[in-house]
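S.K.: compute the structure for the input listed below.
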Amino acid sequence: MLKYIISFFVLFVFFTGFSQVKEQDTTQYKDRYGLRVGVDVFTPVYSLFDEDTKGWEIVADYRVAKKFWVAGEFGFKEHTSFEDYFNFTSKGTYFKIGADYNAYKNFVGMENMIQVGLRYGYSSFSQTLNQYLINSDTYLPIEVRDTPVEYDNLNAHWIEGILGLKVEVLHNLYMGMALSGKVMISTKEAEGFKDLYAPGFNRIYVNNYGFGFNYTISYLFPFYRK
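M.R.: Predicted coordinates for the structure are as follows:
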């Protein structure tokens, strides 16, 4: 992952540096406002190498002011987690809605972005306990149970902060990457089985913290300038 982050920063420096040679009249240039729609390419590519993870995500944002965008994501994820005494599969859909602020001061004609964002996230999913061990206090052999047990109608609510980059690599075409830190607000859990993973939130760590990463390609549909 570090290799991808370094590569993206190199691209960001190159394209921002290249854009500096543009000479335009600052009194006449107007920023583009419109809808930017794209997909996360990290999860589908990662699933080619990890059969325990599948999913997709659509991303979108709409510029509402010079430095602010309304933004959101919608996706599906299926992931199998392996613990010491059991393994389980989480599967479901999620959405995130919030806003982004551009912390980068563009040169004239540039519309790149250092993204600082905040999201509310919601996931609706199921958990399937695939296999588990019964560890007895006696000298009897450990019993393995492999009859799947499914728990439906689960959900999760969380808040996440986002830090990322978006760079216009071709006209209207953007590449982006973002890291997110998440805090779980609440979950609806199955009786006797704690939620350890939620689609959209990912692994639920101690104290209900989580982390995420995406690598996106998106296209801007400009509607007007101002």
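S.K.: how near is K188 to Y205?
M.R.: 19 Å (Cβ to Cβ, to the nearest Å). Every residue, glycine included, has its C-beta placed from N, CA and C.
S.K.: kindly report the same for W56.
M.R.: Relative to Y205, and taking Cβ to Cβ, W56 is found at 24 Å.
S.K.: what are the buried residues along the host helix or strand of Y151?
M.R.: Under the criterion of DSSP states H and E, Y151 resides in strand 149-170. The neighbour-count check on strand 149-170 (16 or more other Cβ atoms under 10 Å) flags 151, 154-156, 158, 160, 162, 164-168 as buried.
S.K.: what two of those are the furthest from one another?
M.R.: Y151 and E168 (44.3 Å; Cβ to Cβ).
S.K.: does L173 touch I217 like I think?
M.R.: Yes: at 7.4 Å, L173 counts as touching I217 under the criterion of Cβ atoms under 8 Å.
S.K.: which residues of the chain fall in strands?
M.R.: 32-40, 53-63, 68-82, 86-102, 113-134, 143-145, 149-170, 173-188, 197-198, 202-203, 209-225 (DSSP state E).
S.K.: so for the third one, mean pLDDT?
M.R.: Read it as strand 68-82. Across strand 68-82, the average pLDDT comes to 97.
S.K.: partners of that strand, with directions?
M.R.: strand 53-63 (antiparallel), strand 86-102 (antiparallel) (DSSP bridges).
S.K.: in JSON lines, list those strands along with mean neighbour count, distance to S180 and mean pLDDT.
M.R.: Shown next, in JSON lines, are the strands paired with strand 68-82 (neighbours: other Cβ atoms under 10 Å; distance: least, Cβ to Cβ, whole Å; pLDDT from 0 to 100):
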{"stretch": "strand 53-63", "mean neighbour count": "19", "distance to S180": "12", "mean pLDDT": "97"}
{"stretch": "strand 86-102", "mean neighbour count": "19", "distance to S180": "9", "mean pLDDT": "97"}
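S.K.: out of the ones you listed, which gets nearest to K182?
M.R.: Nearest of these to K182, taken as Cβ to Cβ: strand 86-102 at 9.8 Å.
S.K.: could you check the angle that closest one makes with strand 113-134?
M.R.: Angle of strand 86-102 versus strand 113-134, following axes from the mean of the first three to the mean of the last three Cα atoms, to 10 degrees, is 170 degrees.
S.K.: now the nearest residue to Y197 once chain neighbours are set aside: how far from Y29?
M.R.: Of all residues not flanking Y197 in the chain, S90 sits nearest, at 4.5 Å (Cβ to Cβ, 6 or more residues apart in numbering). Distance, S90 to Y29, by Cβ to Cβ: 48 Å.
S.K.: give me the low-pLDDT residue ranges for the protein?
M.R.: Low-confidence segments of the chain, defined by pLDDT under 70: 1-27, 135-142.
S.K.: now do 90
M.R.: Low-confidence segments of the chain (pLDDT under 90): 1-30, 83-86, 107-110, 131-149, 190-195, 206, 226.
S.K.: G55 against S90, yeah?
M.R.: No: counting by Cβ under 8 Å, G55 stays clear of S90, with 10.6 Å between them.
S.K.: any residues in contact with both of the two?
M.R.: Shared contacts of G55 and S90, defined by Cβ atoms under 8 Å, 6 or more residues apart in numbering, are found at 77-79, 199.
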